[in-house]
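**Student:** Got a predicted structure plus its sequence, pasted below:
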Amino acid sequence: MEILVCVKRVPDTEENEIEINSDGNDIERDDLVYSVNEWDNYAVEEAIQMVDKAGGSVTVVTVGDEEAEEVLRREMAMGAENGILLDDEAFEGSDGRGIARALKGVIEKGNYDLIMTGAQADAGAAQVGGMLAAMLDLPYASLVNSIEVIDDKKLKVGREIEGGNQEMNEIELPCVLSIQTGINEPRYVGIRGIRKVASVDIPTHSASDLGIGADEIGEGAARLKKVDYFVPESGEGAEMLEGSTEEIAEKMIEILKAKGGLK
Amino acid sequence: MAQIFAYIEHKDGVADDSALELVSAAKKIDAGADVNALVVGSGVDGLCNDMAASYKEVWKIDKDDVAYPNAEIIRGMLLNILPGDAIVLFPHDTFGMDLSPGLSVKMDSPFASDVVDFEGTDGSDLKMIRQEFGGQVSTHVKADISSGAVITVRPGVFEPDESKSAGGSVVDKTGDAGDVATKRKFLEVVVAEIGDVDITKSEVLVSIGRGIEEEDNIEIAQELAEAMGADVSCSRPIVDAKWLEKSRQVGTSGQTVKPKVYMAMGISGSFQHLGGIKGNPYIIAVNKNPKAPIFQVADIGVVADILEFMPELTEKIKEAS
């Protein structure tokens, strides 16, 4: 099975304070640590496990610059055989549809049985997989949290739905799946693993290599335009307890008693 | 202004909470617009009549092959009936996410997902607010909606419109929707297993998130919960890492809890997590990150490392009792 996994380099924002830059048009990125989007990493792990069982190879692709190439190498160190970098200034400022259009270009140059994306990334839009499937006229399933290969024509996939329930579907190949976290346990990648793939050639494509017109991608083609970033007024927000840990703990116990939080 | 359509999700003949939230959302896009409902399913006459109280026209597709909402089939049917310049609203949930990005491509309309507010129009541009980076920052976005739009709206942010004064009518579009072939066949829903503790019944929850850092540290939360007489629940990353059972997960993709007191320990507070907390509990949040969105909804907040704070609190509770 030939599997393409679309990945994105994103800032690790979970444990970091996000500030907005002075122009208000982006977050302050200087001090952030970047890595692969968590959902995408689960997708790559799933693809590798499928290929281990059924044969074939995994290719990872991203839209970005040479820094994004590091993310490809990280995923290749996990076991993806090939990487493809879509690097062109013309892609900058693309909305989700522009990114999907770029990925469509690379998919049409290859011969993939299965295309995966993460269910969502840093912008929380959860859109690229579904758009890509529609552009390619392929069947799609989102929020996939289990995959079973039935034969070389069909998969049985579970979708995560509300309430912890799982919706089971049979889907024909080729298809596009967006992958939910928790589908597997992604393997650890050490520095040695990354060194091993440091010299593997990663082909780079521009928009024109893929036959993509300037009117289909980039900021000019974006149908959803970003105006600015801001920090929402948080309404009342929490009353923040301050003082030493001991003082705070004592205050909290009083509050817990008053609210019925201690038995 | 084009027509606005709201997709009505439903189960067992009852409309989802989002059904009336989308009335409010649509009015915020354009107070003067005609707002119609899309009801797709099998045997949905009663629901359509209910919705006619809140929507001008209720477009019904009533067919056996959509008895379960297979997004791949319904997308095709909607394409067959919707005007090209329709503004179509879905709740941003597992169905809306499944159906709507592809619909926007097929309709050649702009797409905006997980919208939390609308700020009116500027010419043909609709101004909207979204959030990025796990809700830590917001962003104003705009799209030219003169040729239609597909928009998913975050559940729970718009007040349901209970006025029920639309006096609408039901229009049967089943014939126009046609037969749609699909390469994705729905098989069944596997219902979540019930775990050892039913957190939906707990009055006090000590709920842990990424801030717990390691599996071994879960003990620290268990000790606090024991001292308080509470149960331990968690956010999604803890279940993804297989450190706790799925039945302990609070959130739209896990359990809906309604405790009196909710201790959010090292939980950032994504909207999917908050969507699983109902009944307006007293929320106490402890998080290292002062910008964590949980502090916007909590009653009491502490900026601290839970791994240092929880043992101290446990100790003090033991001393006090």
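**Tutor:** Great, that's in hand.

**Student:** Only C-alpha atoms from now on, for both contacts and neighbour counts.
**Tutor:** Will do.

**Student:** Where does pLDDT dip in the chain?
**Tutor:** I went with chain A, as the question did not name one. Within chain A, the segments meeting pLDDT under 70 span A:15, A:233-236.

**Student:** looking at chain B here, not the other one
**Tutor:** Chain B contains residues with pLDDT under 70 at B:1.

**Student:** Apply 80 and report the result again.
**Tutor:** By pLDDT under 80, the low-scoring segments of chain B are B:1-2, B:321.

**Student:** just how off-centre is stretch A:178-192 within its chain?
**Tutor:** Taking C-alpha atoms, centre = their mean, to the nearest Å, one finds stretch A:178-192 lying 12 Å from the centre of the chain it belongs to.

**Student:** what comes up buried for it?
**Tutor:** A:S178, A:I179, A:Q180, A:T181, A:G182, A:I183, A:N184, A:P186 (16 or more other C-alpha atoms under 10 Å in any protein chain shown).

**Student:** Name the nearest of the residues you listed relative to chain B.
**Tutor:** A:G182 (4.0 Å; C-alpha to the nearest C-alpha).

**Student:** With respect to A:A221, which of the buried residues of stretch A:178-192 is nearest?
**Tutor:** A:S178 (24.3 Å; C-alpha to C-alpha).

**Student:** host element of the closest one?
**Tutor:** Here A:S178, judged by DSSP states H and E, is contained in strand A:175-179.

**Student:** Following element in sequence after that strand, please.
**Tutor:** Criterion used, DSSP H and E; the element after strand A:175-179 is helix A:191-196.

**Student:** How far off centre is the following helix or strand past that following helix?
**Tutor:** Beyond helix A:191-196 on the C-terminal side, the first helix or strand identified by DSSP H and E is strand A:204-205. Its chain's average C-alpha position is 20 Å from that of strand A:204-205, according to C-alpha atoms, centre = their mean.

**Student:** quick one on the thing from earlier: of the buried residues of stretch A:178-192, closest to B:K142?
**Tutor:** Of those, the one sitting nearest to B:K142 (C-alpha to C-alpha) turns out to be A:S178, at 25.9 Å.

**Student:** With chain A in mind, check whether whatever helix or strand B:T152 lives in reaches it.
**Tutor:** Secondary structure from DSSP H and E places B:T152 in strand B:149-153. No. Strand B:149-153 lies out of reach of chain A by C-alpha under 8 Å from any C-alpha of the partner chain, never closer than 9.5 Å.

**Student:** neighbouring contacts of that strand?
**Tutor:** Strand B:149-153 is contacted from outside by B:22, B:25, B:85-92, B:96-97, B:100-101, B:103-104, B:109-116, using C-alpha atoms under 8 Å, 6 or more residues apart in numbering or on different chains.

**Student:** How far does that strand sit from its chain's centre?
**Tutor:** Using C-alpha atoms, centre = their mean, the offset of strand B:149-153 from its chain centre is 14 Å.

**Student:** ditto for stretch B:271-283
**Tutor:** On C-alpha atoms, centre = their mean, the centre of stretch B:271-283 falls 12 Å from the chain's centre.

**Student:** burial count for residue 244?
**Tutor:** Since you didn't name a chain, this refers to chain A. 9 (other C-alpha atoms under 10 Å in any protein chain shown).

**Student:** let's do chain B instead
**Tutor:** When neighbours are counted by other C-alpha under 10 Å, B:L244 registers 19.

**Student:** For the nearest residue to it once chain neighbours are set aside, give me its contacts.
**Tutor:** Ranked by C-alpha to C-alpha, 6 or more residues apart in numbering or on different chains and with sequence neighbours excluded, the top spatial neighbour of B:L244 is B:I238, at 6.2 Å. Counting by C-alpha under 8 Å, 6+ apart, B:I238 makes contact with B:I208, B:G209, B:R210, B:L244.

**Student:** Among the residues you listed, the buried ones, what's the ChimeraX command?
**Tutor:** Buried residues within these, by 16+ other C-alpha under 10 Å, are selected in ChimeraX with:
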select /B:208,209,210,244
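
**Student:** As TSV, the contacts of B:I238 with distance to A:F91 and secondary structure would be great.
**Tutor:** Listed next are the contacts of B:I238 as TSV, based on distance: C-alpha to C-alpha, whole Å; DSSP: H, G, I helix; E, B strand; the rest coil:
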residue	distance to A:F91	secondary structure
B:I208	40	strand
B:G209	36	coil
B:R210	34	helix
B:L244	41	coil
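
**Student:** Which one of the contacts of B:I238 is nearest to B:R154?
**Tutor:** B:G209 (22.2 Å).

**Student:** Am I right that that closest one is in contact with B:R236?
**Tutor:** Yes. With contact defined as C-alpha atoms under 8 Å, B:G209 counts as touching B:R236 (7.5 Å).

**Student:** Quick check: next helix or strand after the strand holding B:T152?
**Tutor:** strand B:169-172.

**Student:** Report the buried residues of that next one.
**Tutor:** B:S169, B:V170, B:D172.

**Student:** swap in stretch B:152-163?
**Tutor:** B:T152, B:V153, B:R154, B:P155, B:G156, B:V157, B:F158, B:P160, B:D161.

**Student:** So the last one sits against B:A25, correct?
**Tutor:** No. Applying C-alpha under 8 Å as the test, B:D161 and B:A25 come out as separate, 9.1 Å apart.

**Student:** for stretch A:93-109, the distance to its chain's centre please.
**Tutor:** With C-alpha atoms, centre = their mean, you get 14 Å for stretch A:93-109.

**Student:** Oops, could you answer that again for stretch A:209-224 instead?
**Tutor:** Its chain's C-alpha centre and that of stretch A:209-224 lie 21 Å apart, by C-alpha atoms, centre = their mean.

**Student:** so does it get close to chain B?
**Tutor:** Yes. Under the criterion of C-alpha under 8 Å from any C-alpha, chain B is reached by stretch A:209-224 at A:R223, A:L224.

**Student:** List every C-alpha atom in that stretch, with coordinates, as CSV.
**Tutor:** Backbone C-alpha positions of stretch A:209-224 (Å, rounded to 0.1, in the frame of the first residue of the first chain) are rendered in CSV as follows:
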residue,chain,number,x,y,z
ASP,A,209,6.3,22.2,-11.1
LEU,A,210,2.9,21.0,-9.9
GLY,A,211,1.0,22.9,-12.6
ILE,A,212,-0.6,25.2,-10.0
GLY,A,213,-1.6,28.7,-11.1
ALA,A,214,-0.7,31.8,-9.1
ASP,A,215,-4.4,32.5,-8.8
GLU,A,216,-5.1,29.3,-6.9
ILE,A,217,-2.7,29.7,-4.0
GLY,A,218,-1.2,32.2,-1.6
GLU,A,219,-2.6,35.2,0.1
GLY,A,220,-4.3,36.6,-3.0
ALA,A,221,-6.3,33.4,-3.6
ALA,A,222,-7.3,33.0,0.1
ARG,A,223,-11.1,33.1,0.4
LEU,A,224,-10.9,33.4,4.2
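
**Student:** Give me the contact list for that stretch.
**Tutor:** A:90-95, A:97-99, A:101-102, A:105-106, A:109, A:207, A:225, B:110-112, B:141-144.

**Student:** buried sites along that stretch?
**Tutor:** Buried-residue list, stretch A:209-224, by 16+ other C-alpha under 10 Å: A:L210, A:I212, A:E216, A:I217, A:G218, A:E219, A:G220, A:A221, A:A222, A:R223, A:L224.

**Student:** Would you check which pair of the contacts of B:I238 lies furthest apart?
**Tutor:** Every pair of the contacts of B:I238 checked by C-alpha to C-alpha; the farthest is B:R210 and B:L244, at 12.4 Å.

**Student:** quick one, what contacts B:F309?
**Tutor:** Contact analysis of B:F309 by C-alpha under 8 Å, 6+ apart lists A:T245, A:A249.
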